[in-house]
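K.L.:
Okay, predicted coordinates and the sequence, questions at the end:
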Amino acid sequence: MALTLVGIALAIGLAMALSLAWWISKQRPAPNILNTASVVQQIQSLSELVTVKYVIEKVVSYDDPKYFADLIPLGENKLILLGHGVVKAGVDLSRLKKEDVQATDKRIAIELPSATVTDAYLDEKHTQVLDRQTGLLRTFDKNLERTARQYALAEIQRAARQSGIEHEANERARTQLTAFLKTLGFAEVEVRTRGGK
């Protein structure tokens, strides 16, 4: 009798263990089966991955000399401007193509488009004219400040590129995309940039 009770208890315990194992297996999410096209689509849904923002201040001097008959100087209008600029760079993921992605069950390799400057503008609250001079035989030029601002913005963009904003954007895009792809279930992720930049 005692042996029968032990057998029944063992059978009940085994049945409970199997039921628990079945229930746990059902709680796990189904494996995420991804093909190359769906990976490309998910990455492109991130759109433009803006990864780096530089804030640069630059003092620029803009001169506009004029001559009468190309010989007699009429003086120069001059403006000194403190330009406070914001430059952003990132990777345009909409340019990613299917052939840029090689994916297997556990491994993915991607070649990203190179980062570019995506936006650049002067912060009007912090940009100011430091000095303005009008030549002796000249009239006030209302367009001089607008031209000086365009020149300042071009100089700020050049300074950002020289400081490596695009290289830094490439590095950050690789890091962010690697983390994103690991959340999709890839164990090995290789993210390169076109041209090796």
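P.N.:
Perfect, thanks for sending it.

K.L.:
Could you measure from the closest residue to residue 113 other than its chain neighbours over to residue 134?
P.N.:
Closest residue to residue 113 apart from its sequence neighbours, by CB to CB, 6 or more residues apart in numbering: residue 95 at 4.3 Å. Placement of C-beta: from N, CA and C, glycine included. Separation of residue 95 from residue 134 (CB to CB, to the nearest Å): 48 Å.

K.L.:
same check, this time on residue 188
P.N.:
For residue 188, the distance to residue 134 - CB to CB - is 66 Å.

K.L.:
Now the helix or strand harbouring residue 148: buried residues?
P.N.:
Secondary structure from DSSP states H and E places residue 148 in helix 144-162. Neighbour counts over helix 144-162 (16 or more other CB atoms under 10 Å) mark 144, 148-149, 151-153, 155-157, 159-161 as buried.

K.L.:
Need the mean per-residue confidence for it.
P.N.:
For helix 144-162, mean pLDDT rounds to 91.

K.L.:
Does anything pack onto it? Which helices or strands?
P.N.:
Contact here means 3 or more CB pairs under 8 Å, 6 or more residues apart in numbering; DSSP states H and E; on that basis helix 144-162 packs against strand 48-68, strand 72-92, strand 116-122, strand 128-133.
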